[in-house]
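Asker: Would you be able to build a 3D model of this:
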Amino acid sequence: LYDDRITYFGDDAKVGTPQILADKIEDYKTIAGADADFTQVYEWAKPAVERYKAESPIQLLYYYTFGSRLIASKDESKIDQYINEYTQAAEYADALLAAAETDEAKKVIETYKNQMDTEFAQSGLAGCDLLTKLYTSDKIDEHKADKAYLTTTVALFQAAGCDAPAVFRASRYLFDIEPTANAAMGLAGEAISSGKYAEASEYLNKAIALAKTSAERVKCYEVLIQLSLKQGNHGQARTYANKVLAENPNSGQALIVLAQSTANSASSFFPGDPVKQRCVYYLVINKLRRAASVDPKVAGQANRLIATYQRYLPSAQDIFMHPELKKGSTLNIGGETIVIP
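Answerer: Numbers count the residues shown, from 1 in each chain. Have a look, this model is predicted:
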């Protein structure tokens, strides 16, 4: 039925071949379940993506790269093909995002794009060793005026979480041609590797200003958090953690940073009242519990910290001497209100 629809309505301006194929794959995946053949999915998606490029729906781009990745995972000779196809699809996805007219559309595109990036980074098919082998400094120099090549190089290294001289070199050339968030992040990485934290922060803030997506801004803020902690600036780390949460309320790592920072400064609350100072750990534990509930990736770390900080809570005897802290009462801590359990 979908094939017939493509035959008769493939040229429809609103729901043409690319969207029909995306719907076909979605239904095929649902019906086939665990038996879905993603080689077949790839064969359906590939000619459409090659023809329609940035006019391809984000779902089609995602399944195209998903199938390509599975093929490469079983056949090493296809790894370069997967890298190239992922890179091209990622560029088309970025174009879709830039053209999206509503927040809802942007959210859908970002969801699929983030999944594409995550699967690429975790695939093990484009690790640092392979990328460093493929993108040598000499090769970067040969393409120093090729914006598309440099953009691809920087995106590949960043998606793989790989810092190397090649990506720093490509970032510098790219930033000279046209400042972009990815290029600025690459230069920040170079500065960090050299211990130049102030310079790194400067480039990261430039990257935030140039960022086109929430995911890019979050990535920058997360690095800024780590830089702040390395320099012992917990107040600045809290500021950046709150910026992460403004972009992504379910960032467990940002909540952990806020919890630990609050714990480290517990003695600064309620001067002269050690019992109320120990109540600060109720707030710390609340943040850690939230982190564990919204972000499974950090649940283990959050639960270990909870076990540690529970030892600092006020005892029953402490509370008895402070009747205003009885069960169910509220306490304002640095602008946040907690309920005494």
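
Asker: where do the strands sit along this protein?
Answerer: With DSSP state E, the ranges of strands along the chain come out as 330-333, 336-339.

Asker: So, low pLDDT: which residues of the protein?
Answerer: Low-confidence regions of the chain, defined here as pLDDT under 70, cover residues 121, 126.

Asker: any idea how far the most centrally placed residue in it lies from residue 189?
Answerer: Ranked by distance to the mean C-alpha position of the chain (C-alpha atoms, centre = their mean), the top residue is residue 215 at 5.1 Å. When distance is defined by C-beta to C-beta, to the nearest Å, residue 215 is 17 Å away from residue 189. Glycine gets a C-beta too; all of them are placed from N, C-alpha and C.

Asker: May I see the buried residues of stretch 217-226?
Answerer: Using 16 or more other C-beta atoms under 10 Å as the burial criterion, the residues of stretch 217-226 that qualify are 217-225.

Asker: Over to stretch 314-322?
Answerer: 314, 319.

Asker: rewinding a little: ok, the residue nearest to the centre of the chain touching residue 110?
Answerer: Yes. Counting by C-beta atoms under 8 Å, residue 215 sits close enough to residue 110 to count as a contact (6.3 Å).

Asker: quick revisit: ok, so of the buried residues of stretch 217-226, who is nearest residue 151?
Answerer: The shortest gap between residue 151 and any of those belongs to residue 219, at 16.4 Å (C-beta to C-beta).

Asker: Might you report the residue contacts of the closest one?
Answerer: Residues in contact with residue 219, defined by C-beta atoms under 8 Å, 6 or more residues apart in numbering, are residue 185.

Asker: same check, this time on residue 168
Answerer: By C-beta under 8 Å, 6+ apart, the contact set of residue 168 is 186-187, 189-190, 193.

Asker: for the strands of the chain, which one ends up most surrounded?
Answerer: Most buried of those, by mean neighbour count (mean count of other C-beta atoms under 10 Å): strand 330-333, with a mean of 14.

Asker: Give me the helices and strands touching it, please.
Answerer: Taking 3 or more C-beta pairs under 8 Å, 6 or more residues apart in numbering; DSSP states H and E as the contact definition, the neighbouring helices and strands of strand 330-333 are helix 274-294, strand 336-339.

Asker: most tightly surrounded among the ones you listed?
Answerer: Here the criterion is mean neighbour count by mean count of other C-beta under 10 Å, and of those the winner is helix 274-294, at a mean of 20.

Asker: doesn't residue 45 make contact with residue 21?
Answerer: Yes. A contact is recorded between residue 21 and residue 45 when judged using C-beta under 8 Å, the distance being 6.7 Å.

Asker: Overlap of the contact sets of the two?
Answerer: Taking C-beta under 8 Å, 6+ apart as the criterion, residue 21 and residue 45 both touch residue 60.

Asker: how about the nearest residue to the residue nearest to the centre of the chain, chain neighbours excluded?
Answerer: Distances taken as C-beta to C-beta, 6 or more residues apart in numbering put residue 114 closest to residue 215, at 5.6 Å, once the chain neighbours are dropped.

Asker: burial of that neighbour, as a residue count?
Answerer: Residue crowding around residue 114 was assessed by other C-beta atoms under 10 Å; the count is 14.

Asker: Now do the helices for the stretch 1-150 of the chain: every range, in order, please.
Answerer: With DSSP state H, counting those that start in this stretch applied, the stretch 1-150 of the chain shows helices at 2-9, 17-32, 38-52, 58-74, 79-99, 103-122, 128-134, 137-142, 147-159, listed in chain order.

Asker: where's residue 276 relative to residue 139, distance?
Answerer: Noted for residue 276: a distance of 62 Å to residue 139, by C-beta to C-beta.

Asker: What of residue 42?
Answerer: The gap separating residue 42 from residue 139 is 28 Å, by C-beta to C-beta.

Asker: more crowded one of the two?
Answerer: With neighbours defined as other C-beta under 10 Å, residue 42 and residue 139 compare such that residue 42 has more, 21 against 14.

Asker: who wins for proximity to residue 310 among the helices of the stretch 1-150 of the chain?
Answerer: Between residue 310 and those, the shortest gap by C-beta to C-beta is with helix 103-122, which sits at 33.5 Å.

Asker: List the buried residues for the closest one?
Answerer: With the criterion 16+ other C-beta under 10 Å, helix 103-122 contains buried residues 106, 108-110, 112-113, 116-117, 119-120.

Asker: what's the answer for stretch 120-134, then?
Answerer: Counting neighbours by 16+ other C-beta under 10 Å, one finds that the buried residues in stretch 120-134 are 120, 123, 125-126, 130-132.
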